[in-house]
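[1] dropping a prediction and its sequence here:
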Amino acid sequence: MWWSPLANYIFANVDIPKEESLDWYSNRGQFVSEKTALKIAEVLEGLIADGSALDHQKAIEVELPPLCSVCKGENLPQTPEDYADGVCAACSGTGRMYWYPPKYFSVENLKKFYQFCRESEGFKIFQDPHRARK
Ligand SMILES: [Zn+2]
């Protein structure tokens, strides 16, 4: 759950070489070189030090999630299955979707990740480590 917001934040702030940026959201083991890992570490450390990362965390906490993709924020019936309990099943009647809860992006996560990057000598990405081991 915490990987996608972290990966999005890295892409928004770090220039990742094309061949290392193709497959960050799967379990195919995208390789990231030591050089890139060190660059990620350096940029993340800088964004934490100057307060940008904390600003981003706070912005996410107050940002409204996108409109529900099923009811478009209306909570009105379209198909009976979507409204079994009288409210939109996709959003529980809130009209909004959470792609990920704000708690999954945190400065704490960034700190752990840049320390990992610094010592990693490069790494491979498996978004779901349990599936990747099979
Ligand atoms: Zn809905």
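    Everything's here; your move.
[2] for the chain, what lies in contact range of the ion?
    Residues of the chain lying close to the ion by C-beta under 5 Å from the ion are 68, 70, 71, 88, 90, 91. Heads up, the C-betas are built off the backbone N, CA and C, glycines and all.
[3] name the nearest residue to residue 88, sequence neighbours excluded.
    Spatial nearest neighbour of residue 88, chain neighbours left out: residue 71 (4.1 Å); criterion: C-beta to C-beta, 6 or more residues apart in numbering.
[4] relative to residue 93, how far out is that neighbour?
    Remark: distance between residue 71 and residue 93 (C-beta to C-beta, to the nearest Å) = 8 Å.
[5] more neighbours, the two?
    More neighbours surround residue 71 than the other of residue 71 and residue 93, with 22 against 15 (other C-beta atoms under 10 Å).
[6] let's see the pLDDT reported for the more buried one.
    Reported pLDDT at residue 71 in the predicted model: 84.
[7] ditto for residue 101
    62.
[8] okay but residue 57 is in contact with residue 105, surely?
    Yes. Counting by C-beta atoms under 8 Å, residue 105 is a contact partner of residue 57 at 5.9 Å.
[9] of these two, who's got more company?
    Shown here are residue 57 and residue 105; by other C-beta under 10 Å, residue 105 has more neighbours (22 against 19).
[10] in contact with that one, which residues?
    Neighbour list for residue 105: 2, 5, 6, 9, 56, 57, 60 [criterion: C-beta atoms under 8 Å, 6 or more residues apart in numbering].
[11] what's the neighbour count on the nearest residue to it once chain neighbours are set aside?
    Counting by C-beta to C-beta, 6+ apart, residue 105 lies nearest to residue 5, which is 4.0 Å off, once chain neighbours are set aside. Per other C-beta under 10 Å, the neighbour tally for residue 5 reads 21.
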